[in-house]
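1. how would this look folded up:
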Amino acid sequence: MTARPLTPALIIETALDILDQEGGAGLSMRAIAARLDVKAASLYYHVRNKDALLQALVDQIAGELLSDADLTAPWRELLTAMAVRLRGVLRTHPGAAAVVATKNVSPEVAQRIADRLGPPLAASLNTTTDRALLLAQSLFVLVAGLALAEFGDVPNEPAAPRAFYDAWFDLAVGTFLDGIDSA
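-> Coordinates of the predicted model:
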């Protein structure tokens with residue numbers, strides 16, 4: 001069997017696997033190198049350092065939120081879909097919840113998201129682009145915090161049954177959106 005070529009995507013994928021299985025304490029450039037059966041120094045050709053790796057991971061997850069979003073949908077439907085998508089990604093990669101909850105998206109990715117999401121969301125909300133983007137960012141932080149509460153103790157299982165976290169997510173996101181609706 002031929003090994004896959006070492007790429008930033010493979011390094012990120014491996015980092016996600018380690019985060020999901022061992023949590024943040026298990027993630028290091030040496031651990032990634034060991035999983036990929038390469039020397040740690042070879043990773044630095046593709047990823048500057050661990051911080052850059054975590055940045056790339058957060059940027060990838062943030063970028064996925066709009067990958068198939070219907071930007072013509074009414075604001076509540078659009079924001080709900082984004083919240084559900086973020087939660088789904090973090091449920092798939094529970095170890096990433098702590099990273100997403102504590103690391104900002106890079107300015108370049110934030111700008112791409114703002115350029116794509118801001119105008120249609122602002123129009124649907126009948127508000128300014130800046131305000132619409134702050135609302136979307138606030139929802140992102142809310143969902144990341146909920147995911148951190150649910151998955152933040154990886155590799156341990158969540159403390160409560162899934163139904164508890166599902167109800168909490170629905171209540172929190174619904175209340176947040178109701179607040180926007182009443183403003």
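2. I'd like to know which elements the helix or strand residue 140 falls within is packed against.
-> Take DSSP states H and E as the rule and residue 140 turns out to sit in helix 129-151. Contact analysis of helix 129-151 by 3 or more C-beta pairs under 8 Å, 6 or more residues apart in numbering; DSSP states H and E lists helix 75-92, helix 97-102, helix 107-125, helix 162-182 as its packing neighbours. Heads up, the C-betas are built off the backbone N, CA and C, glycines and all.
3. List of residues touching the first one?
-> With C-beta atoms under 8 Å, 6 or more residues apart in numbering as the contact definition, helix 75-92 has outside contacts at 61, 64-66, 69-71, 73, 96-97, 100, 120-121, 124-125, 132, 135-136, 139-140, 142-144, 146-147, 151, 169, 173, 177, 180-181.
4. For residue 160, the count of nearby residues, please.
-> 12 (other C-beta atoms under 10 Å).
5. now it, what's its secondary structure?
-> Under DSSP: H, G, I helix; E, B strand; the rest coil, residue 160 falls in the coil class.
6. before we move on, back to that, just the buried residues from the contacts of helix 75-92, in PyMOL please.
-> Restricted to buried positions by 16 or more other C-beta atoms under 10 Å, the PyMOL selection for the contacts of helix 75-92 reads:
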select buried, resi 61+65+66+69+96+97+100+120+121+124+125+132+135+136+139+140+142+143+144+146+147+151+169+173+177+180
